[in-house]
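Peer 1: Pasting the sequence and the predicted coordinates here, then a few questions.
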Amino acid sequence: MPHGPHRLRAVVVDDESLARKALRRELESDPAIEVVADCADGFAAVRAASEMKPDLMLLDIQMPRLDGFEVLEMIDPAIAVVFVTAHDEHAVRAFEVNAVDYLLKPVDPERLREAVGRARQRLGRGERMPVAALAAAVRPPGVPLARVLVRDGPRVHVITTDALDYIEAQDDYIAVHSVGKSYLKQQPIAAIEATLDPARFIRIHRSYILNLDRLSRIELYAKDSRIAILHDGTRLPLSRAGHARLKELL
Amino acid sequence: MRSVHLLFAAIGLLLASLVASLLSLRGGAPWGEAVLLGLPLGLVYAAICIAARYPCRAAPLARTGVARVASTHAAASLLSAGSWLLIGGALSRALQALPGFDGAAARFADETPTFLVVGVLVYLLAVAVHYLVLALETAREAEVRGVQARVLAREAELRALRAQVDPHFLFNSLNSISALTSEDPAAARRMCLLLAGFLRRSLALGARERITLGEELALVADYLAIEKVRFGARVEVRQEIDEASLSCAVPPLLMQPLVENAVRHGVAHLLEGGTIGITTRREGNRIAVVIENPRDPERPTSRGEGVGLANVRDRLRSLYGDEGRTSIRANGASFRVEITLPAVVLTVPSPVPPPAHGESAHAARAS
């Protein structure tokens, strides 16, 4: 992404309009910054990130629909992100997910300028956020994933784990199958397996994770080779290790 | 319990030597016969006296009339001493059947009136011991219960006070003020006054043991006025207040944390916001307070959401026992908490009707 003389393109994300206005005003007092969008929720932020291709995003954490950490997981890792929050316990996680910086509310204009400076340096070096590590760090420790987010261009699909049938590995991607549809997401299958509830989601094969509720029966396919048949008739291969894991749970 | 049994064993042995002495010295029984009769009779009576605990427990001194206590133990003592003598008679006759114990039954029968008196007196002594032990046990239990109740109440109060003002609420409010200073200085000043008013009121009310529901509603109105500045049209309020409930006593800051939950975990997560419903009712000798809010059905519930609610529940339980009830009705898109507690009218200070902030509140109160 080219930098240098051109103005920094920034997006402000906060569900409170007063907070958005104040940040916009503060940013725009610097002629080298252009605020290209302000967004009131996480979905709008992901859309703006995709359509406006900003350099910098000032991102609130507690928001309707998608929170700040979830937004971070969905957007281009080249965007420099500065978290803005009233909760300083989020600060630790903000650093874990390698955000450029975080600002506490009420925002000190001096701190905001410093954060923008750091973002410029980072953009100059062309640093990107480590997305895979992000996905794992975003989740509060010990709590299994309640929903899977999949970005589809400017849109975000939210698939609750209850509606998730099975996950299939496809090269660097996973295909998340839910009520007859499938969604592609760039994530290794082992990474998503680690975040799902192990009592409900079983790795039945090198390339498949199954929601246990969807299993109808297991059939012998050939000698020593089995397949899992789901309630909707889908047939998935079952490895020997996968069969052992299933038997242990059933 | 064990020391009481040891005491009765000692009484039994003393009684045994008394019986043996009486038989031998007054009745002229040989020492062997006196000991063979006295020892089992003493121990048997000790066991009977231990059992005297049950009539004592059935007729507790504190809750039973004197006549009933006297008649209960008179009957029980005669019955016990009588049975004891019957056993003694049987034992002496059995002994007489053995060689060398001629006349044992007659010698025992001669002393029967004395034994009856001794039996009744020892039984009454046992009754006195049991009442003493029961009184000590009751006192100790009451003390333990009292300490437990105090610890629970203290914990609940501490948690409630700690949760009194959520620091994030303060930071967010300060952020709104900071944003307004350049945007709309007059509004910034109003917001400062609202925040100062809320803090002052919550400190003043939090220091008291009981406040009126009217005062609590005024605090809630202060709180909501601040959140309306922050969230704008996203926070709407609908109040249905029963005038008869306003003068009833409630613990301070009972509703405010629940209304705060309704904002933080409810409407704040809705893009379009929503309406928080606050209803109070007086139903005879009880009051009911209902707080309901819409919520995002797709949002996974975060940890910590139940903490405020658990605090309220614990506090009610420690203050009102079974009389303070909390019921929750939650489905995907809405959340409702209902609290009911005994209606006790608080006379001083006079109830303050809650100031209604926002048009929707006026509309509901007019209807």
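Peer 2: Cool, got the structure.

Peer 1: Could you work out the end-to-end span of stretch B:61-68 for me?
Peer 2: Terminal residues of stretch B:61-68 lie 10 Å apart, using Cα to Cα, to the nearest Å.

Peer 1: go on, stretch A:34-49?
Peer 2: Note: stretch A:34-49 ends 14 Å apart using Cα to Cα.

Peer 1: shouldn't residue B:266 be in contact with residue B:273?
Peer 2: No. With contacts counted by Cβ atoms under 8 Å, residue B:266 stays clear of residue B:273, the gap being 9.5 Å. Any C-beta I mention is one placed from the backbone N, CA and C, and that applies to glycine too.

Peer 1: name the helices or strands packed onto the helix or strand where residue B:4 lies?
Peer 2: Using DSSP states H and E, residue B:4 sits in helix B:2-21. Contacts defined by 3 or more Cβ pairs under 8 Å, 6 or more residues apart in numbering or on different chains; DSSP states H and E place helix B:2-21 against helix B:31-51, helix B:112-162.

Peer 1: Swap in 6 Å and give it another go.
Peer 2: Applying 3 or more Cβ pairs under 6 Å, 6 or more residues apart in numbering or on different chains; DSSP states H and E, one finds that helix B:2-21 contacts helix B:31-51.

Peer 1: State the mean pLDDT of the helix it packs on.
Peer 2: Averaged over helix B:31-51, pLDDT sits at 89.

Peer 1: Now residue B:57: closest residue in space that isn't a chain neighbour?
Peer 2: With sequence-adjacent residues excluded and distances taken as Cβ to Cβ, 6 or more residues apart in numbering or on different chains, residue B:57 is closest to residue B:134, at 6.6 Å.

Peer 1: burial measure for the one you found, as a count.
Peer 2: If you count neighbours by other Cβ atoms under 10 Å in any protein chain shown, residue B:134 ends up with 16.

Peer 1: Does residue A:78 fall in a helix, a strand, or a coil region?
Peer 2: coil (DSSP: H, G, I helix; E, B strand; the rest coil).

Peer 1: Could I get the full set of helices for chain A?
Peer 2: Ranges of helices in chain A, per DSSP state H, are A:17-28, A:42-52, A:68-74, A:89-96, A:109-125, A:131-138, A:189-195, A:240-249.

Peer 1: closest one to residue B:76 among those?
Peer 2: Taking Cβ to Cβ, helix A:240-249 is the member of the helices of chain A nearest to residue B:76, at 64.5 Å.

Peer 1: tell me what that closest one is packed against?
Peer 2: With contacts taken as 3+ Cβ pairs under 6 Å, 6+ apart, helix A:240-249 sits against strand A:201-205.

Peer 1: Quick check: neighbours of the strand it packs on in the sheet, parallel or antiparallel?
Peer 2: strand A:208-211 (antiparallel) (DSSP bridges).

Peer 1: For residue A:42, see how far away the spatially closest residue to residue B:296 that is not a sequence neighbour is.
Peer 2: Nearest residue to residue B:296 in three dimensions, chain neighbours excluded: residue B:269, at 4.6 Å (Cβ to Cβ, 6+ apart). Noted for residue B:269: a distance of 11 Å to residue A:42, by Cβ to Cβ, to the nearest Å.

Peer 1: Neighbour count: the two, which is higher?
Peer 2: Per other Cβ under 10 Å, whichever of residue B:269 and residue A:42 has more neighbours is residue A:42, with 26 against 23.

Peer 1: Identify the residues contacting that one.
Peer 2: A:63, A:65-66, A:71 (Cβ atoms under 6 Å, 6 or more residues apart in numbering or on different chains).

Peer 1: what comes up buried for stretch B:73-93?
Peer 2: For stretch B:73-93, the neighbour count (16 or more other Cβ atoms under 10 Å in any protein chain shown) marks B:73, B:76-77, B:80-81, B:84-85, B:88, B:91-92 as buried.

Peer 1: ugh, wrong one, stretch A:34-53
Peer 2: Quick answer for stretch A:34-53 (16+ other Cβ under 10 Å): A:35-50, A:52.

Peer 1: Ok, stretch B:95-110 next?
Peer 2: Judged by neighbour count (16+ other Cβ under 10 Å), stretch B:95-110 contains these buried residues: B:95-96, B:101, B:104-105, B:107-109.

Peer 1: which among those gets closest to residue B:175?
Peer 2: Out of those, the member with the shortest distance to residue B:175 (by Cβ to Cβ) is residue B:108, at 97.5 Å.

Peer 1: Can you point out the helix or strand that includes that closest one?
Peer 2: Assigned by DSSP H and E, residue B:108 belongs to helix B:104-110.

Peer 1: List the contacts of that helix.
Peer 2: Applying Cβ under 6 Å, 6+ apart, the contact partners of helix B:104-110 are B:27, B:29, B:33, B:88, B:92-93, B:95-96.

Peer 1: what's the distance between the residue nearest to residue B:298 when sequence neighbours are not counted and residue B:271?
Peer 2: Using Cβ to Cβ, 6+ apart and skipping the chain neighbours, the partner closest in space to residue B:298 is residue A:158 (6.2 Å). Distance, residue A:158 to residue B:271, using Cβ to Cβ: 14 Å.
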